[in-house]
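Visitor: missing the sequence, but the structure's below:
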């Protein structure tokens, strides 16, 4: 019973945060409500027995990625967004369509899917079990993702640096490097 | 051992994913659109973990790690692109970013 209450509490917190993300017009408010969503998702993972995943969710998602978002928002001094008027047909057709679709999906999942119940804590998800799987069976994907993240870091540095700063650095470095090259060429 | 129906988790994950899609479609600020993508990824992660618990297989949880790594890489590159776009156009409104070349 306690588990169900905790699930419902954090689930509602999650949905409230997601809806608040849509409702807010200032990006910093959206970012903060996204942090609420991620934190309560970490609690849901904890309920499912994925302890290590919950810790990583808080550290990487709610920590690192959201700090990146908040820093970008502050760096660009982003103000409230301008609302554009949507078309009337889209609202007239889209809202009932979305409601019908949502009701159908929820009804199917709750009453017509042959999924059983999840036993809480039956699957140990501690660091030891995860690491054993990650460094044996999934070693190659692990290494490939580490290369991917290295490339992403370099890409971010190249994209975010000023184009004129890069050009200036080339100009200042080029005269220094040139005489040495010329001198080396003469010696040979 | 206490149990919670798997369908509850799937419904929650579906709601999160739909909120992400809605945000992607109706938001006009490019950073908020980017955050909606993260919301979608989180919704999918929840269903991964729920299915991992149901099938008693940790592979689902390991896959969530890979999703997180890809999301982190995507966030770094995407936010750098946003900074570059803002530097050339002085706006974050996607309606005004409608040309590939300035």
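Guide: That came through, no problem. These figures come from a predicted structure and were not determined experimentally.
Visitor: As a check, name the ranges of all strands in the chain.
Guide: Going with chain A. For chain A, the strands defined by DSSP state E cover A:117-119.
Visitor: wrong one, chain B
Guide: Secondary structure of chain B, counting by DSSP E: strands at B:3-5.
Visitor: Identify the residues contacting the residue nearest to residue A:72 when sequence neighbours are not counted.
Guide: Closest residue to residue A:72 apart from its sequence neighbours, by Cβ to Cβ, 6 or more residues apart in numbering or on different chains: residue B:79 at 4.7 Å. C-betas here are computed from N, CA, C, even on glycine. Contacts for residue B:79 (Cβ atoms under 8 Å, 6 or more residues apart in numbering or on different chains) come out as A:68-69, A:72, A:156, A:160, B:31, B:34.
Visitor: I'd guessed residue B:80 sits against residue A:156; true?
Guide: Yes: between residue B:80 and residue A:156 there is a contact under Cβ atoms under 8 Å: 4.1 Å.
Visitor: Now do the contacts for the residue nearest the centre of chain B.
Guide: Closest residue to the average C-alpha location of chain B: residue B:38 at 2.3 Å, with Cα atoms, centre = their mean. By Cβ under 8 Å, 6+ apart, the contact list for residue B:38 reads A:34, A:61, A:65, B:20, B:71, B:75.
Visitor: quick one: which of those residues sit in helices?
Guide: Taking DSSP state H as the definition of helices, the contacts of residue B:38 contribute A:34, B:20, B:71, B:75.
Visitor: between those residues, which is closest to residue A:114?
Guide: residue B:20 (27.3 Å; Cβ to Cβ).
Visitor: Let me see the residues that make contact with the helix or strand of chain B with the lowest mean pLDDT.
Guide: Across the helices and strands of chain B, mean confidence by mean pLDDT, DSSP states H and E is lowest for strand B:3-5: a mean of 83. Contact with strand B:3-5 is made by A:3-4, A:7, A:47, A:110, A:115-120, as judged by Cβ under 8 Å, 6+ apart.
Visitor: Direction included, what does it pair up with?
Guide: strand A:117-119 (antiparallel) (DSSP bridges).
Visitor: how far does the strand it pairs with sit from the chain's center?
Guide: Centroid displacement of strand A:117-119 relative to its chain, using Cα atoms, centre = their mean, to the nearest Å, is 27 Å.
Visitor: Check stretch A:47-60 too.
Guide: Using Cα atoms, centre = their mean, the offset of stretch A:47-60 from its chain centre is 14 Å.
Visitor: re earlier: now the ones in helices among the contacts of residue B:38 in TSV, please, with extra columns for neighbour count.
Guide: Below are the ones in helices among the contacts of residue B:38 laid out as TSV (neighbours: other Cβ atoms under 10 Å in any protein chain shown):
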residue	neighbour count
A:34	27
B:20	25
B:71	19
B:75	24
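Visitor: Widest-spaced pair of the residues you listed?
Guide: The largest distance within the ones in helices among the contacts of residue B:38, taken as Cβ to Cβ, falls between B:20 and B:75 and amounts to 14.4 Å.
Visitor: list the contacts for the closest residue in space to residue A:138 that isn't next to it in sequence?
Guide: Excluding the flanking residues, the one nearest residue A:138 by Cβ to Cβ, 6+ apart is residue B:62, at 5.5 Å. Applying Cβ under 8 Å, 6+ apart to residue B:62 gives the contacts A:130, A:133-134, A:138.
Visitor: What residues sit buried inside stretch A:68-80?
Guide: Buried residues in stretch A:68-80, counted by 16 or more other Cβ atoms under 10 Å in any protein chain shown: A:68-70, A:72-73, A:76, A:78.
Visitor: Count residues in the vicinity of residue 60, would you?
Guide: Chain wasn't specified; assuming chain A. Number of residues near residue A:60 (other Cβ atoms under 10 Å in any protein chain shown) recorded here: 17.
Visitor: actually chain B
Guide: Residue B:60: 22 neighbours (other Cβ under 10 Å).
Visitor: Look up the pLDDT of it for me, please.
Guide: Looking at residue B:60, its pLDDT stands at 90.
Visitor: ok now do it, which residues does it touch?
Guide: Residue B:60 is in contact with B:48-49, B:51-53, counting by Cβ under 8 Å, 6+ apart.
Visitor: now, among the contacts of residue B:38, which is nearest to residue A:43?
Guide: residue A:61 (12.9 Å).
Visitor: Low-confidence regions, chain B specifically.
Guide: Along chain B, segments meeting pLDDT under 70 span B:1.
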